[in-house]
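S.K.: Need a 3D model of the sequence below.
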Amino acid sequence: MMINMQIFHRIAVPLFIVFLLFFYSCEGLRLHTEMDFTLTPSDSLQLLKINESTEIELNPNDFSDSNITVTWSANTGMIVGHGLTAIYTAPSEPCTAIVQTLLTDEYDSTIMDSLVIIVYKQLIILKADDLIYSSGYTIPLGFQRFIDYVEQKKIMASIGIIGNSLEIDNDDYFTILRDIINDGSIEIWNHGFDHKLNGVNQNGETYHEFWNTSYEHQKEHLEKTQDLAREKLGISLRAFGAPGNNHDSVTLDVINENDEIKIWFYGNPESNKLILERHYNIEFPTSFPDYEEFVDNYPNDEEYLALQIHPNVWDDERFDQFNLIVDYLIQQKVAFVTPYQFYRLAQR
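M.R.: This is a model prediction of the structure:
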């Protein structure tokens, strides 16, 4: 009698349980899941850095008989099996690793299954700023082009939404945003409530939304956007980036006190949040992607790059420059991730 075995019902990696549903290609590495942005530490990430190791475990509850022989193998890297568990060590170059297990019962019946792990050297977080509602197109044309491009290229990205756009009385806007979120390729993050820059207060002083403004003002603007995202989109925003990347010591207190925010783009290193630092740029200057400039000084030794872009103001030429940069990064076999996916990796 054959044993009915479901292999890899649960794959254990440090602090995570991996549910493997998709296959990937080294030509366009993509971290893809069907999860939304309320992920828990038990959700899956199929990523492993070069030369690092992880434990893989078959769930013993899946087997009705203990008299089973398990044989482990991998197409690259090194794997050492010990019954239902194995230690897999990634190779020194980025690739797609396939780990296989062959189970044989006492009647010589066999079943094989595999798990795919993206082996990466560098992670890329695309930080697209300034999403607002468009009265003519609902989603501004530049952003719609960017969203379509991300899905077509099968990469990951993130978009900073300006919170007051969620006060618009337009259900189509919310429906489209929820569809974008549910696709899983793009994470929406908090880019302030009104994106105020270069204001002048009653004392004649310059202020920005999160710079040289009161604690009450900054807290209200942060939480308004958080609240609107929960109400209109059904999600918790996990990342924050200040308009113009302008922030002060008040912002530090406001962000530190917010339990929902886990990641701060270009934030204060004294924060208790995960800070995504600005190691490099795509736009030279702001709003102008430059392929040659990007390639000439590309820091391939950085573990990650959080790259700021403004797709809504790009014309065809600027978009073409961006496309060249993305193709170059894909050739370097980077892995594109969202901010919250990066956070979860960091928690390992």
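
S.K.: Which SSE is immediately downstream of the host helix or strand of Ile125?
M.R.: In this structure, Ile125 sits in strand 123-131 according to DSSP states H and E. Secondary structure here is assigned by DSSP H and E; on that basis, the next helix or strand after strand 123-131 toward the C-terminus is helix 141-153.

S.K.: so what are the domain limits for the protein?
M.R.: The chain breaks down into these domains under automatic domain parsing: 11-120, 123-347.

S.K.: What is the least confident helix or strand in this protein?
M.R.: For the chain, the helix or strand with the lowest mean confidence is strand 16-18, at a mean of 34 (criterion: mean pLDDT, DSSP states H and E).

S.K.: just to revisit the earlier point, just say which of the domains of the chain is most tucked in.
M.R.: Most buried of these by mean neighbour count (mean count of other C-beta atoms under 10 Å) is domain 123-347; its value is a mean of 18. Just so you know, the C-beta spots here come from the backbone N, C-alpha and C atoms, and that holds for glycine as well.

S.K.: least reliable of the domains of the chain going by mean pLDDT?
M.R.: When mean pLDDT is averaged over each of these, domain 11-120 scores lowest at a mean of 69.

S.K.: Would you map the helices across the stretch 201-348 of the chain?
M.R.: If you assign secondary structure with DSSP state H, counting those that start in this stretch, the helices in the stretch 201-348 of the chain sit at 215-228, 249-257, 291-296, 316-331, 339-347.

S.K.: nearest to Asn51, of the ones you listed?
M.R.: When those are compared for distance to Asn51 using C-beta to C-beta, the nearest one is helix 339-347, at 15.6 Å.

S.K.: Which strands or helices does that closest one pack on?
M.R.: strand 123-131, strand 186-190, strand 239-240, strand 263-265, strand 274-276 (3 or more C-beta pairs under 8 Å, 6 or more residues apart in numbering; DSSP states H and E).

S.K.: Let's have those in TSV, adding distance to Gln100.
M.R.: As requested, these are exported to TSV (distance: least, C-beta to C-beta, whole Å):
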stretch	distance to Gln100
strand 123-131	26
strand 186-190	32
strand 239-240	36
strand 263-265	35
strand 274-276	34
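
S.K.: how about Ser271, what does it touch?
M.R.: Ser271 makes contact with Leu252, Ile255, Asn256, Trp264, according to C-beta atoms under 8 Å, 6 or more residues apart in numbering.

S.K.: now, which of those residues sits nearest Ala97?
M.R.: Minimum separation from Ala97 among the contacts of Ser271 (C-beta to C-beta) is found for Trp264, which lies at 32.1 Å.

S.K.: pretty sure that closest one is touching Arg278, no?
M.R.: No: in terms of C-beta atoms under 8 Å, Trp264 does not count as a neighbour of Arg278; the distance is 11.6 Å.

S.K.: circling back: any chance of the helices of the stretch 201-348 of the chain in CSV with distance to Gly234 as columns?
M.R.: Written out in CSV, the entries for the helices of the stretch 201-348 of the chain read as follows (distance: least, C-beta to C-beta, whole Å):
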stretch, distance to Gly234
helix 215-228, 11
helix 249-257, 23
helix 291-296, 36
helix 316-331, 30
helix 339-347, 16
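
S.K.: Out of those, flag the one nearest Tyr88.
M.R.: Each of the helices of the stretch 201-348 of the chain has some distance to Tyr88 by C-beta to C-beta; the shortest is helix 339-347, at 16.5 Å.

S.K.: how far does that closest one sit from the chain's center?
M.R.: The gap between where helix 339-347 is centred and where its chain is centred comes out at 7 Å by C-alpha atoms, centre = their mean, to the nearest Å.

S.K.: and what of stretch 167-184?
M.R.: In terms of C-alpha atoms, centre = their mean, the centre of stretch 167-184 is found 19 Å from the chain centre.

S.K.: Check stretch 312-322 too.
M.R.: For stretch 312-322, the distance from its own C-alpha centre to the chain's C-alpha centre is 23 Å (C-alpha atoms, centre = their mean).

S.K.: How about residues contacting the helix or strand hosting Phe174?
M.R.: Under the criterion of DSSP H and E, Phe174 resides in helix 171-183. Contacts of helix 171-183 with the rest of the structure, by C-beta under 8 Å, 6+ apart, involve 36-37, 133, 138-139, 147, 151, 159, 161, 165-166, 186-188, 232-235.

S.K.: related to what we said a few turns ago, can you show me the CA trace of the strand holding Ile125 as CSV?
M.R.: Provided in CSV are the C-alpha atoms of strand 123-131 (Å, rounded to 0.1, in the frame of the first residue of the first chain):
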residue,chain,number,x,y,z
LEU,A,123,18.8,43.5,-2.6
ILE,A,124,17.1,46.3,-4.4
ILE,A,125,14.2,48.4,-2.9
LEU,A,126,12.6,50.7,-5.4
LYS,A,127,11.2,53.8,-3.6
ALA,A,128,8.8,55.6,-5.9
ASP,A,129,7.6,58.9,-4.3
ASP,A,130,4.5,61.0,-4.4
LEU,A,131,1.5,59.0,-5.4
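
S.K.: Name the nearest residue to the most centrally placed residue in the chain, ignoring sequence neighbours.
M.R.: When C-alpha atoms, centre = their mean is applied to the chain, the residue found nearest the centroid is Thr338 (1.2 Å). If the residues on either side of it in the chain are set aside, Thr338 comes closest to Glu187, at 3.8 Å by C-beta to C-beta, 6 or more residues apart in numbering.

S.K.: That neighbour contacts Phe342, correct?
M.R.: No: in terms of C-beta under 8 Å, Glu187 does not count as a neighbour of Phe342; the distance is 9.9 Å.
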